[in-house]
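[1] When you get a sec, could you give me coordinates for this:
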Amino acid sequence: MAIDILNLKTPVPCIQGLFGSRLVAYTTQVPPNQIMNLLGHDPRSNNWKRLPDELKEIYEYLQRRTSPNRRESVSAYIEERLGPNNICIGAFPAISIAFQNPTEFKPYGGNIPSAVGELMVDISPTNVRILIDGLARVTGAMNLTDESHGDILNSFLFPVTIYVPAPGTEPLSWFEMGQLFHDFNFRVQPVSKKDALALDTSDIYIALARRLAECPFIRDHGGVAERAASLGGKSTELVVQTVLVRTVRGACEGRKFQEAHLASVDHPNLTRQTFNSLLSSIDEFFSGIAARMGEKRFADRQDSLHLSAPGWQALGIIHHDIAFKLRLDAVERSKVLDRIAAIDWGRGNPDWQTLAIGHAEIDKKTGSTVKDSAGRVRVALTGAGRTTVQKLIDYIRDKTGLAVRLKTFVEDEAEAA
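    Numbers count the residues shown, from 1 in each chain. Model prediction:
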């Protein structure tokens, strides 16, 4: 009688599904520190050279090496979203593992549906299992363990989908596993920028913009249009989300960061630790302007350029000037707000056309120029591009006296360097 001395099969609780007649799928949840046990190897790209030749060749054929930036980004996501003091909720989509050979499945039986049971995973080295989707996610998690931050991995489980050849069919080929990798990674339709911003709460600048939208100076004057590219004539909102996010980026980190969405900052002013203080600072800045202008004048989006897309962005940079470049005290900040509120923001201000940020507004029906209540020709902005925003920034700096202060600031920095 043969004695089963060594059992190399490990039961993994799963729910069974299928994809056509070729693939059976099993879904489960696995602690991050058990992924390597399920696979039987370390799948990280910097470890491929230590894998058996067959596995190494399959990974190099199927996968892309995980860049350092991608690894660090995932690790940071886990720490910021799933750890203590997280700014919002976080989760991962399922990672995907392909088993090359058919694998036994045992339903629990009884009153439990037949699709619920245990997948008898052969953990021997001869049973090839490959991570075909989620390498960066797994790498980021495993790196936290290497960096002595493994305790945070107890805060979540990886959803896992296991793809196995259907019973009675041939083992999965490299090409078939490669097709799954292709489908999961390249058959993706990107969403528009405005929809991405509306859905994304992980970016700390977007999170700050959302909190800022709850402040009375925005909330009580129409709020934020989250999924609009721009505000139309019949819109009741005060600002679109994309513009508010750019304003926040500029208010926190300055002009370069405001202009390029993918720009990075070595030492950002906005962090989880400074989140509430910066929210208060930006709120006080805009609320102070609103209080000085008066509700009617501040909220007049149709006639006031401070509520145009360039106006919002320019004011964001002015906040950065006084908070981070010049570090003005409360008294000096108040004087700047007084001067900002005193600017003639109406579209009839002749300075706008002198600055060449727009042209005379023309009535579409009559073909004549449109004038404001004082008989001045109203300006229609030529756009919200970089040049227009910069001209407004320079104008505000000049009117508030910040231009002189900033010139001294730049000169002092040059001398210090």
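[2] Can you pull the domain assignment for the chain?
    According to automatic domain parsing, the chain is divided into the following domains: 9-186, 193-346+384-416.
[3] got TSV for those, with mean pLDDT and distance to residue 361 too?
    Placement of C-beta: from N, CA and C, glycine included. Below are the domains of the chain laid out as TSV (pLDDT from 0 to 100; distance: least, Cβ to Cβ, whole Å):
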stretch	mean pLDDT	distance to residue 361
domain 9-186	87	42
domain 193-346+384-416	87	11
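[4] I'd like those domains written out as TSV, with distance to residue 376 added.
    Formatted as TSV, the domains of the chain follow (distance: least, Cβ to Cβ, whole Å):
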stretch	distance to residue 376
domain 9-186	46
domain 193-346+384-416	8
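[5] Out of the ones you listed, which gets nearest to residue 365?
    domain 193-346+384-416 (14.1 Å; Cβ to Cβ).
[6] on that earlier part again, export the domains of the chain to a markdown table and tack on mean neighbour count?
    Shown next, in a markdown table, are the domains of the chain (neighbours: other Cβ atoms under 10 Å):
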| stretch | mean neighbour count |
| --- | --- |
| domain 9-186 | 16 |
| domain 193-346+384-416 | 17 |
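[7] and of the ones you listed, who's closest to residue 359?
    Closest among these, using Cβ to Cβ: domain 193-346+384-416, at 12.1 Å.
[8] send the alpha carbons of the top helix by length along the chain over as PDB?
    In the chain, taking DSSP state H as the definition, the longest helix is helix 275-293. Output in PDB follows, covering the C-alpha atoms of helix 275-293 (Å, rounded to 0.1, in the frame of the first residue of the first chain):
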ATOM      1  CA  PHE A 275      -3.100  69.600   4.900                       C
ATOM      2  CA  ASN A 276      -5.400  71.400   7.500                       C
ATOM      3  CA  SER A 277      -3.100  74.400   7.900                       C
ATOM      4  CA  LEU A 278      -3.000  75.000   4.100                       C
ATOM      5  CA  LEU A 279      -6.700  74.500   3.800                       C
ATOM      6  CA  SER A 280      -7.200  77.200   6.400                       C
ATOM      7  CA  SER A 281      -4.600  79.500   4.800                       C
ATOM      8  CA  ILE A 282      -6.200  79.300   1.300                       C
ATOM      9  CA  ASP A 283      -9.700  79.600   2.700                       C
ATOM     10  CA  GLU A 284      -8.700  82.800   4.700                       C
ATOM     11  CA  PHE A 285      -7.100  84.200   1.600                       C
ATOM     12  CA  PHE A 286     -10.100  83.900  -0.700                       C
ATOM     13  CA  SER A 287     -12.700  84.500   2.100                       C
ATOM     14  CA  GLY A 288     -10.800  87.700   2.900                       C
ATOM     15  CA  ILE A 289     -11.000  88.900  -0.700                       C
ATOM     16  CA  ALA A 290     -14.700  88.000  -0.800                       C
ATOM     17  CA  ALA A 291     -15.400  89.900   2.500                       C
ATOM     18  CA  ARG A 292     -13.600  93.000   1.200                       C
ATOM     19  CA  MET A 293     -15.300  93.000  -2.200                       C
END
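[9] Which SSE is immediately downstream of it?
    For helix 275-293, the succeeding helix or strand toward the C-terminus, using DSSP states H and E, is helix 295-298.
[10] So the residue most central in space within the chain versus residue 103, what's the distance?
    Centroid check for the chain by Cα atoms, centre = their mean gives residue 203 as the closest residue, at 3.8 Å. Using Cβ to Cβ, to the nearest Å, residue 203 is found at 40 Å from residue 103.
[11] can you check residue 320 too?
    Residue 320 is 58 Å from residue 103, by Cβ to Cβ.
[12] Residue 314 too?
    Residue 314 is 62 Å from residue 103, by Cβ to Cβ.
[13] go on, residue 133?
    19 Å.
[14] How about residue 146?
    Distance of residue 146 to residue 103, computed by Cβ to Cβ: 30 Å.
[15] so the closest residue to residue 101 other than its chain neighbours is in which element?
    Spatial nearest neighbour of residue 101, chain neighbours left out: residue 171 (5.0 Å); criterion: Cβ to Cβ, 6 or more residues apart in numbering. Residue 171 belongs to no helix or strand when assigned by DSSP H and E.
[16] tell me the strands in the stretch 101-250 of the chain, going along the chain?
    Per DSSP state E, counting those that start in this stretch, the stretch 101-250 of the chain carries strands over the ranges 105-107, 116-122, 129-133, 158-165, 224-225, 239-240.
[17] Over to the stretch 301-417 of the chain?
    Under DSSP E, counting those that start in this stretch, the stretch 301-417 of the chain gives strands at 358-360, 379-381.
[18] can you tell which of those is closest to residue 81?
    Nearest to residue 81, of the strands of the stretch 301-417 of the chain and by Cβ to Cβ, is strand 379-381 at 38.5 Å.
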